[in-house]
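> could you look at this predicted model? Sequence included:
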Amino acid sequence: MPQQILSHDKNGFIAICNNCGNYQIFFGTTGIYLKYNELMEIIEFARDEYKYFQNYEYIDQKCIQIPTFNDNTQLVLTYRELQKLQVLLEEASIMIQVHNILNER
């Protein structure tokens, strides 16, 4: 499956499939395949959780739950992990915006 990497680091990556246009989040030990609108919802949800837990005392406790559009699966993260995922999501969001602007021409 040919893909374009939108963001990556040692914890994972976010990519778009060049064939079907769906997105992939691989973070830690989890891989998720999403449509555009689902990815945008996860980005917004992660932003909200990031702000909410910013002053949370137990930053290494796995207590942050991010839904994945599969009723049986969710990401369960520490605040530190959420910080790392948030960077990947924000970088991917910027790359998607750039891609959309370039394709408008």
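Here it is on my side, so go on.
> please enumerate the helices of the protein.
Assigned helices in the chain, in chain order: 36-52, 79-104 (criterion: DSSP state H).
> okay, the angle between the longest one and helix 36-52?
Angle, helix 79-104 to helix 36-52, by axes from the mean of the first three to the mean of the last three C-alpha atoms, to 10 degrees: 140 degrees.
> give me the number of residues near the nearest residue to residue 85 once chain neighbours are set aside?
If the residues on either side of it in the chain are set aside, residue 85 comes closest to residue 27, at 5.5 Å by C-beta to C-beta, 6 or more residues apart in numbering. The C-beta positions use only the backbone N, C-alpha and C, and glycine is treated the same way. Burial of residue 27 is recorded as 20 neighbouring residues (other C-beta atoms under 10 Å).
> kindly report the same for the one 5 residues further on.
By the criterion of other C-beta under 10 Å, residue 32 has 19 neighbours.
> least trustworthy helix or strand in the chain by mean pLDDT?
In the chain, no helix or strand scores lower on mean pLDDT, DSSP states H and E than strand 64-70, which sits at a mean of 88.
> how about it: buried residues?
64, 66, 68 (16 or more other C-beta atoms under 10 Å).
> list the beta-bridge partners for the residue nearest to residue 45 when sequence neighbours are not counted.
Excluding the flanking residues, the one nearest residue 45 by C-beta to C-beta, 6+ apart is residue 66, at 6.1 Å. Residue 66 forms beta bridges with residue 75, as assigned by DSSP bridges.
> the residue most central in space within the chain and residue 72, how far apart?
Residue closest to the average C-alpha location in the chain (C-alpha atoms, centre = their mean): residue 89, at 4.3 Å. From residue 89 across to residue 72, the span is 22 Å (C-beta to C-beta, to the nearest Å).
> residue 14 now?
Per C-beta to C-beta, residue 14 is found 22 Å from residue 72.
> try residue 51
Residue 51 is 27 Å from residue 72, where distance means C-beta to C-beta.
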